[in-house]
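K.L.:
3D, please:
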Amino acid sequence: MEEKSHKYISFHTIFLIALSSFVMKLLITYSTQFRMSIELGTQMIILATHILSSASLFFILYIFNKRKQMIYLLIMDLFLTIILYANVVYYRFFNDFITIPVLMQTRTNGGQLSNSAFALIQPLDILFFIDLIVLVVLLTVFKVKIVGHRSMKMALLGLFLGIMMVIGNVILAEKERPGLFQRSFDRAYIVKYLGLYNFTLFDIYQNIHATSERAMADSEDVAKIKKEIQDRYVSPSQDYFKLAQNRNVIVISMESLQDFVINMKIEGKEVTPFLNSLVEDEETFYFDQIYNQTGQGKTSDAEFILDNSLYGMPQGSAYVNKAQNTFQSTPGILKEYGYTSASFHGNYKTFWNRNEMYRSQGYDRFYDASYYDMNERNTKNYGLKDKPFFEESMPILQGLPEPFYAKFITLSNHFPFEMDEWDTNFPQANTNDKVVNQYFQSANYLDSALSKFFTGLKKSGLYDRSIIVLYGDHYGISENHNEAMAEIIGKEITPFESLKLQEVPVFIHIPGVKTGDYPQPIGGQLDIRPTLLHLLGVETNQYLGLGTDLLAKGHIELTPLRNGDFVSNDISMINQRYYDSKSGKMISYEEEFDQLTQAAREKLDLSDEILTKDLLRFYHPAGFTPINREDYQYVQDDEAES
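P.N.:
Below is the predicted model of the structure:
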C-alpha cells in the first residue's frame, strides 16, 4: 500500500508547484531582466498584485478543461513562458516589449534578423524553462489524481479572487500613475504597472480600437489637426532658404550610427575619419544635438520620419501596418518640382514591407537586392555590404533623370556588428563586451564606404550638382551594454547620459556653398525634412509635418522622443524625472514643467492621430498632386524596359 501511494500526486500539489514556480520566475525576471525602478510601498504592492493575478488567472482556467487538466496546465505554462522569454530577448536589444504589430512585422522580416536574435540568446536562458522541466519529471514519476467537485468550487473562488486582483491592480496603477492608459506610447510604464500579460491584452485592445478609429474618422478631424500644426509653423530663415535650389538630393541613412563616435579614437585611430572631415568642412552643416525619434520600427521608422516629418507608430512599424495610408511625403512634394525619386537598398524589397510603403510614399523607382551582385563574399545577413552597395549603385544613380531625390539605406553597421576579417583592419575596442568592441570596427567600415561613395560622386560629376544629407537612423548599442560604454566614454552612464547616447549625427553637405556661422539647436529627426525642403526653396507651411527647420531662428527646441521622454534647451524629462539639460543633474519637480510635458505629449498625440486615423486622405494641399499608389510597381523587368 505504501509503495502504491508514492506513485500518486495530487493535482493540487502539481498546480501549486506550477503556480508558485511561475510566480517566482516572473518576480526574478522583472527584477533582473527588465530595467524598472520599483520603489518600496505602492509600487511593490502593484508588482505583487499583477504578478499573482495574471499568473493565477491563466492557470486557474484549467477548471474549464476537466478531462485534460494536466495537458492544459503544461501547455499554458509553456505558452506563458514563451511570451515571457520572447520579451526578455527582445528587451535585451530594443529596451522595449513585443506588441501585436511587432509580431506582424515578423511575417515581413522573418528570418532576416535571425543572427541578431541568436546573438541575444544566453546559455543561462535555459533557466526560464526549468519549472517546465520539473513538471515533466514529476509527471513521469507520479500519476496525478484528478480534481474533484469540491476542488472545482475552490478553483472558481480562486478565479474570482484573480479577477478582483486585476481590478485592484488597475485601480492602484491609475492612482499611482494618473493617465497611464493615455500614455500608450510608453510601454515600459504600462508593463511596470499592469504586468507583461495584462499589457499584451491591453495591446490587443489598442489595435482593435485603432482599426475602429480609422473607420470613424472624417474631414472634421483633420481640420482641427491642421490648425494646431500650422499654429506651430516656423518660417524659414531667408539666409538659407533656396540655398540648394534645383539640386539633386542624395540622402544616406547611416545604420545604427550614434553621434558619440564622431571624433572618437580607438588605439589612437579615428573611428570615422571621413565624417570627422565633414565636421570641419565649410560646405557642411553638422548638427550634433539631434535625437533619434524612432520606435519599434527602428530603420523603417527613421525613413518614415525623414519622408513625412511624423512619428512612427506607438507600437510596431508604420511601414508594415500603415502602408495603405495616404501620405504627402518628400518624394511626392518634390515631384511637383520636377524631381524623380528612387530608393536604394541592399536587401530584398519585402524587407520592412518597403515595396508596399514606397508605393504610398510615391517613390518612382526602388532598387533592391535583385539589382546587385549578392555573392557570399559581399553580403552579410542583412544584405549587401556597404562598399559594394555604393559601388554598384553609382551607374544606376548616374542614369536617373535629374533633378532626383535618391535615398540610400546602408546596413553593414548593424547589431551584432561582426565583420569579415577581409573587410577591416581597424582595431576592436578593449572592453569585456564583444558587441561594444565590434561596433567601432563596423562603424569604421561604414565611414570608409561613405568616403569612397563621395569620391565616386565627384568622378561622376554629380557631386557639384547635389545636396547630400547623412543621418544616423537609431542607436546601435542599447542600455544593456552600459557597463562597457561607461569605459568607452569615460563616465558613468546615468539616465541623462543614456539619453545623450540617443543623439545621432546629421550632416547636410552642399558642395560649393559656404555655411558660415549657423545655429546648433537641439532637435530631432522630424526636423530634417523641413530643413532640407527649405534649403531647396520649398515652403512647408501647407503640409502637416511636425518638425521645424533647424536653421530657422524660431526653431522649436522641445524634442519629444517616441517613448514620451523629451529634451529641451533647459529641461529634459526621462522616465518621469526631470534633469537640467546643461549639467545633467536631476532636479526637483516644479509645476512649470507640466507645460513642457503637456506640449511634448500633444506633439506625439497629433502625429498618432494623423497616422492612426489616416487623416491625410481628407486633406488636399494646394498645388500638391495626391499620390496614387497604383501608379507605382517595382518589378525589375519593367524597370529595365523603361
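K.L.:
roughly how far out does stretch 533-545 sit from the chain middle?
P.N.:
26 Å (Cα atoms, centre = their mean, to the nearest Å).
K.L.:
So what would you say the end-to-end distance of it is?
P.N.:
Distance between the two ends of stretch 533-545: 12 Å, counting by Cα to Cα, to the nearest Å.
K.L.:
buried residues in it?
P.N.:
Burial within stretch 533-545, assessed by neighbour count using 16 or more other Cβ atoms under 10 Å, is assigned to 533-536, 538, 540, 542-545. No exception for glycine: its C-beta is placed from N, CA and C like everyone else's.
K.L.:
Quick one: the residues you listed as CSV, columns for pLDDT, distance to residue 91 and secondary structure too.
P.N.:
Shown next, in CSV, are the buried residues of stretch 533-545 (pLDDT from 0 to 100; distance: Cβ to Cβ, whole Å; DSSP: H, G, I helix; E, B strand; the rest coil):
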residue, pLDDT, distance to residue 91, secondary structure
533, 98, 37, helix
534, 98, 39, helix
535, 98, 39, helix
536, 98, 41, coil
538, 97, 41, coil
540, 95, 37, coil
542, 94, 41, coil
543, 95, 36, coil
544, 95, 34, coil
545, 95, 32, coil
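K.L.:
Among these, list the two that are farthest apart in space.
P.N.:
535 and 544 (20.4 Å; Cβ to Cβ).
K.L.:
sorry, back to before: between the buried residues of stretch 533-545, which is nearest residue 254?
P.N.:
Taking Cβ to Cβ as the measure, residue 535 is the one of these closest to residue 254, at 19.5 Å.
K.L.:
My read is that that closest one contacts residue 249, right?
P.N.:
No - using Cβ atoms under 8 Å as the test, residue 535 is too far from residue 249 to be in contact (9.4 Å).
K.L.:
Tell me the bridge partners for residue 252.
P.N.:
residue 408, residue 470 (DSSP bridges).
K.L.:
ugh, wrong one, I meant residue 404
P.N.:
In this structure, residue 404 has the following beta-bridge partners (DSSP bridges): residue 340.
K.L.:
got a list of what it touches?
P.N.:
Under the criterion of Cβ atoms under 8 Å, 6 or more residues apart in numbering, the contact partners of residue 404 comprise 248-249, 339-342, 397.
K.L.:
Most neighbours among the residues you listed, which one is it?
P.N.:
For those, neighbours were counted by other Cβ atoms under 10 Å; the highest total belongs to residue 341, with 25 neighbours.
K.L.:
which residue packs closest to it, ignoring adjacent ones?
P.N.:
Once flanking residues are discounted, residue 341 sits nearest to residue 331: 3.6 Å by Cβ to Cβ, 6 or more residues apart in numbering.
K.L.:
pLDDT at the one you found, what is it?
P.N.:
Reading off the per-residue confidence, residue 331 sits at a pLDDT of 97.
K.L.:
cool, and residue 109?
P.N.:
Predicted confidence (pLDDT) for residue 109: 55.
K.L.:
next one: residue 69
P.N.:
What the model reports for residue 69 is a pLDDT of 69.
K.L.:
can you give me the helices for the stretch 451-600 of the chain?
P.N.:
Per DSSP state H, counting those that start in this stretch, the stretch 451-600 of the chain has helices spanning 482-489, 495-500, 528-535, 593-612. These are given in chain order.
K.L.:
about what we covered before: in TSV: the buried residues of stretch 533-545, plus distance to residue 234.
P.N.:
As requested, the buried residues of stretch 533-545 are exported to TSV (distance: Cβ to Cβ, whole Å):
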residue	distance to residue 234
533	13
534	10
535	15
536	17
538	15
540	9
542	14
543	13
544	14
545	11
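K.L.:
quick check, nearest of those to residue 160?
P.N.:
Using Cβ to Cβ, residue 544 is the member of these that sits closest to residue 160, with 49.3 Å.
K.L.:
isn't the closest one right up against residue 227?
P.N.:
No - with contact defined as Cβ under 8 Å, residue 544 and residue 227 do not form a contacting pair (10.6 Å).
K.L.:
Can you give the domain ranges for the protein?
P.N.:
2-212, 220-622 (automatic domain parsing).
K.L.:
among these, which is the most enclosed?
P.N.:
Mean neighbour count (mean count of other Cβ atoms under 10 Å) peaks for domain 220-622 among these, with a mean of 20.
K.L.:
coming back round to it: farthest pair in the contacts of residue 404?
P.N.:
Counting by Cβ to Cβ, the most remote pair of the contacts of residue 404 is 339 and 397, 13.9 Å apart.
K.L.:
quick one: low-confidence ranges for the stretch 1-150 of the chain?
P.N.:
Flagging of the stretch 1-150 of the chain using pLDDT under 70 yields the residue ranges 1-6, 11, 35-45, 48, 50, 54-69, 93-95, 100-102, 104-119, 144-150.
K.L.:
how about the strands of it, start to end?
P.N.:
Assigned by DSSP state E, counting those that start in this stretch, the stretch 1-150 of the chain shows strands spanning 8-10, 143-145.
K.L.:
Okay, now the sheet partners of the first one, with direction.
P.N.:
What that stands for is strand 8-10. Strands adjacent to strand 8-10 in the sheet, as given by DSSP bridges, are strand 143-145 (parallel).
K.L.:
re earlier: tell me which of the helices of the stretch 451-600 of the chain approaches residue 278 most closely.
P.N.:
Residue 278 sits nearest to helix 528-535 of all those, at 15.8 Å, using Cβ to Cβ.
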